[in-house]
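K.L.:
Have a look; sequence and predicted model below, questions after that.
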Amino acid sequence: MIHVLMQAGGAGDRLDIISLIANAGPVPKAVLGVLALMSLLSWYVIGAKWMYLGRAYRRSLRFVEQFWNSSLDDMWKEAENAAPSPVSEVFRAGYLELVKLRKRHAQVQAGGKADEGGLGDIESLERALARARTMAITEMENKVPFLATTASAAPFIGLFGTVWGIMNSFRNIGAKGAANLATVAPGIAEALVATAIGLVAAIPAVMGYNYLSRRIRVISAEMETFTNDFLNIIRRRFF
């Protein structure tokens, strides 16, 4: 059917995709331009986040492995010198909060006052860890919602182009008083191109969003596990 439509036309008229885009009106060109831009940005986000999350996951696993074989002070030096990762950022926040708590306790004891540290200190440490974990997740999720926007909006933008092409077809029928393929083919072909470009933009965006969301959940679970382990170690050693 499509082959027949593309061969039907006036003298010298070509209905290949390039000719259709070149000879399309301003509205179809705007629709196709928006879809092409969304598709390019989606591929950029997918590629950039794929590399970023891959590095983050590998660095986090390496940091956790070193954490169980080193002291807290050694891991602080490692976190300062090594490339950052979500888990190392959580550790940094927890370690800095622990240092502040220990300094405050030392000042209280030096003043001859009773040390009232305990539950409040643990809660303060938990808040610092949770804040760092939230910031890390926010950084990992940056730009990813654009893929969801593209996945949901691109088919509708393509549908708008489809409706516009069909409207042009009916206008041509009314103007020429003939309902042959030469009259309706250009408008229908424009509609099909808009629909196809909309799907080309939406399908990779859906797949990329699902993949990246899963990677983020895996790293988030790793941070959650590390947070619980870190708190358990602090409770045993200092509280």
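P.N.:
Here it is on my side, so go on.

K.L.:
I'd like the mean pLDDT over the helix or strand residue 145 falls within, please.
P.N.:
Element membership of residue 145 [criterion: DSSP states H and E] is helix 144-176. Helix 144-176 carries an average pLDDT of 85.

K.L.:
give me phi/psi at residue 84?
P.N.:
The phi/psi pair for residue 84 (degrees, to the nearest 10) reads phi -70, psi 150.

K.L.:
Please list all residues in contact with it.
P.N.:
residue 59 (Cβ atoms under 8 Å, 6 or more residues apart in numbering). In short, each C-beta sits where N, CA and C put it, glycine included.

K.L.:
do the same with residue 211
P.N.:
46, 50.

K.L.:
Residue 93 and residue 129 touch, don't they?
P.N.:
Yes: in terms of Cβ atoms under 8 Å, residue 93 counts as a neighbour of residue 129; the distance is 6.1 Å.

K.L.:
Around residue 68, how many other residues sit close by?
P.N.:
Counted with other Cβ atoms under 10 Å, residues neighbouring residue 68 total 9.

K.L.:
So which residues of this protein form helices?
P.N.:
Per DSSP state H, the chain carries helices over the ranges 2-7, 17-23, 26-67, 72-81, 86-110, 119-141, 144-176, 181-238.

K.L.:
chain center to the fourth one: distance?
P.N.:
Translated: helix 72-81. Centroid displacement of helix 72-81 relative to its chain, using Cα atoms, centre = their mean, to the nearest Å, is 30 Å.

K.L.:
taking the mean pLDDT, what do you get for it?
P.N.:
82.

K.L.:
swap in the second one?
P.N.:
Averaged over helix 17-23, pLDDT sits at 67.

K.L.:
now the shortest one
P.N.:
With pLDDT averaged residue by residue, helix 2-7 scores 40.

K.L.:
Identify the residue nearest residue 126 in space, chain neighbours excluded?
P.N.:
Of all residues not flanking residue 126 in the chain, residue 231 sits nearest, at 6.6 Å (Cβ to Cβ, 6 or more residues apart in numbering).
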